[in-house]
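Novice: following is a predicted model, sequence given first.
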Amino acid sequence: MKRLLPAVAIGMLTLAGCANTSTMGGDVYRGSQAGTAQTVTFGTITALRQVQIQADSRMGGVVGTGGGAVIGGLLGSQVGGGSGRQLATAAGVIGGAVAGSTIEESTNRVRAWEMEIRRDDGQEVVIVQKADRPFQTGQRVRMIGSGANVTVAPY
């Protein structure tokens, strides 16, 4: 049991980072966008700051919380005996669940740009996307898409 524990812990923590963050970048299109006409507008970046996007977990946090609870319970059950072991197991389950949830949440964070862009028609827009390429204030850009599906690319 003690040899199995590290393998289980590594496996659960690996699964905790299962959010798909590749769709948050400027170079990735969703399948529904392929073969459809996209609107293109042009503008200039007027403000830029680094932010983080909290990606949604595919499993809704179950892997991190559940995995942490299992691992914490297994670790707690190795301590003491009798009612002390039961208390240690319960504390391990609770502590593991909190730790697992925290690990999963931090694993699913992505560095991103918040770009304030003045479009050529004078309208100001803010677009947030994964920081998968460098941008700078004053840079000319293309905004591709419409509504909730707009990406920014260098011009």
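Specialist: Alright, I've got the coordinates. No experiment lies behind these values; they were computed from the predicted model shown.

Novice: any idea of the mean pLDDT for the lengthiest strand in the chain?
Specialist: When the chain is parsed with DSSP state E, its longest strand is strand 40-54. Across strand 40-54, pLDDT averages out at 94.

Novice: in its sheet, what does it sit against?
Specialist: Partner strands and pairing direction for strand 40-54 (DSSP bridges) are strand 109-119 (antiparallel), strand 140-146 (antiparallel).

Novice: how about the ones you listed in JSON lines, adding mean neighbour count and mean pLDDT?
Specialist: Where you see a C-beta, it was placed from the backbone N, CA and C, and this is true even at glycine. Shown next, in JSON lines, are the strands paired with strand 40-54 (neighbours: other C-beta atoms under 10 Å; pLDDT from 0 to 100):
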{"stretch": "strand 109-119", "mean neighbour count": "17", "mean pLDDT": "93"}
{"stretch": "strand 140-146", "mean neighbour count": "16", "mean pLDDT": "92"}
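
Novice: okay, those strands in JSON lines with distance to V51 next?
Specialist: Converted to JSON lines, the strands paired with strand 40-54 look like this (distance: least, C-beta to C-beta, whole Å):
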{"stretch": "strand 109-119", "distance to V51": "5"}
{"stretch": "strand 140-146", "distance to V51": "17"}
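
Novice: what pLDDT does V79 get?
Specialist: 72.

Novice: T23 too?
Specialist: pLDDT at T23 comes out at 55.

Novice: and what of G60?
Specialist: Taking G60 on its own, its pLDDT is 54.

Novice: now the one 10 residues further on
Specialist: Residue-level confidence at V70 comes out at 72, pLDDT.

Novice: nearest to I53, of the strands paired with strand 40-54?
Specialist: Comparison of these against I53 by C-beta to C-beta identifies strand 109-119 as nearest, at 4.6 Å.
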